[in-house]
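**Student:** next input, structure requested:
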Amino acid sequence: MQLTDNKYFSEYDAKMTAKYQFDIINKTLLIDRNNELISLEFIQQFDISNLTITDCEQIEPKLNSETIKKLTINHCKLQNLDGFNLENLEILRLYSNFQLAYENVNKFKQLKELELSAVNCEDISCLESMQQLKRLNLYINKVKDISVLKQLVNLTDLNISANAGVNITPLQYMVQLTKLNMSWTNFMNVSVLEHLVNLEELYMAQNGRILDISPLQHLVKLAKLDLSSNKLKDISIIYQCAGGRY
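**Tutor:** Below you'll find the model as predicted:
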């Protein structure tokens, strides 16, 4: 269910009874006469993007912690995660919450997908214990050190694009990755990628310092490769990628 831009609240008719129950794809939504959300029962996916939600106290009491699997809070000016107690949450998206204190995000023990894009993130040490993560998006942040990600053995999809100056050396140990986006990171040495033999998708656009891509010849599973807006002079090595399928 999605409440983006107050979509459902705007259709409320104050002349009708004090409380309504809407069946939205067999889920339950209760709203009172003041346009206030009363409760959500059996909802598994909840999107409140583009609303002003500064802390969880405004919505968490209404959520059923046992049923919520996916929570999206993009562009909401969210400041902390302190009161969220969603024990079965698997997908959390927090794009563009610039004042967010995200350090306790590791309390979501079942989380498999996490988006922390554009949250003014620098230190990601809090992610070290999140062994269950499969997808991680850190797009548009200030992350320099990604060494803790070596511990995430189940991580297969990683986006570190637009983190200028990030040290990509730890990537060489993340051989389980199948998708990697490292565009706009201003790195130069591609050799650390030659160990990522399981990569199927690789995005390296807008990295003007890359001159040699010969290490990519070892990535025999590559199906998608983006090298746009670089200063490469010789791309013949690309034909050796993916077992010569390019």
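**Student:** when you work out contacts or count neighbours from here on, use the C-alpha atoms and nothing else.
**Tutor:** Will do.
**Student:** okay, and the helix or strand of this protein with the least pLDDT?
**Tutor:** When each helix and strand of the chain is scored by mean pLDDT, DSSP states H and E, strand 19-23 comes last, with a mean of 33.
**Student:** residue ranges with poor pLDDT in this protein?
**Tutor:** Scanning the chain for pLDDT under 70 picks out 1-42, 54-64, 240-246.
**Student:** in stretch 138-158, what counts as buried?
**Tutor:** For stretch 138-158, the neighbour count (16 or more other C-alpha atoms under 10 Å) marks 138-147, 149-150, 152-158 as buried.
**Student:** just those residues: which are in helices?
**Tutor:** Among the buried residues of stretch 138-158, DSSP state H puts none in helices.
**Student:** ok, the closest residue to Lys142 other than its chain neighbours - contacts?
**Tutor:** Closest residue to Lys142 in three dimensions, ignoring its sequence neighbours and counting by C-alpha to C-alpha, 6 or more residues apart in numbering: Glu122, at 4.8 Å. Shown in contact with Glu122 (C-alpha atoms under 8 Å, 6 or more residues apart in numbering): Asn141, Lys142, Val143, Lys144.
**Student:** quick one: Gln151 and Gln131 touch, right?
**Tutor:** Yes - shown here, Gln151 and Gln131 form a contact pair, counting by C-alpha atoms under 8 Å, at 7.1 Å.
**Student:** list the contacts of stretch 136-151.
**Tutor:** Residues external to stretch 136-151 that are found in contact with it (C-alpha under 8 Å, 6+ apart): 113-125, 127-129, 131, 155, 157-168, 170-171, 173-174.
**Student:** strands - which of those land there?
**Tutor:** If you go by DSSP state E, the contacts of stretch 136-151 have Glu113, Leu114, Glu115, Asp157, Leu158, Asn159 in strands.
**Student:** now, which of the residues you listed sits nearest Lys69?
**Tutor:** Closest approach to Lys69 among the ones in strands among the contacts of stretch 136-151 (C-alpha to C-alpha): Glu113, at 10.6 Å.
**Student:** between the ones in strands among the contacts of stretch 136-151, which is nearest Gly208?
**Tutor:** Of all the ones in strands among the contacts of stretch 136-151, Gly208 sits closest to Asn159, with 18.5 Å by C-alpha to C-alpha.
**Student:** any idea how many residues pack against that closest one?
**Tutor:** Using other C-alpha atoms under 10 Å, Asn159 has 20 neighbouring residues.
**Student:** now do Val166
**Tutor:** By other C-alpha under 10 Å, the residues close to Val166 number 19.
**Student:** surely it meets Trp184?
**Tutor:** No - in this structure Val166 lies outside contact range of Trp184 using C-alpha under 8 Å: 10.1 Å.
**Student:** give me the phi and psi for Leu202.
**Tutor:** Dihedral angles of Leu202 (phi, psi; degrees, to the nearest 10) stand at phi -140, psi 120.
**Student:** now do the contacts for it.
**Tutor:** Applying C-alpha under 8 Å, 6+ apart, we find Leu202 in contact with Lys179, Leu180, Asn181, Met182, Leu222, Lys224, Leu225, Asp226.
**Student:** buried subset of the contacts of stretch 136-151 as a ChimeraX selection?
**Tutor:** Listed next is the ChimeraX selection for buried residues among the contacts of stretch 136-151, using 16+ other C-alpha under 10 Å:
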select :113,114,115,116,117,118,119,120,121,123,124,127,131,155,157,158,159,160,161,162,163,164,166,167,168,171,173,174
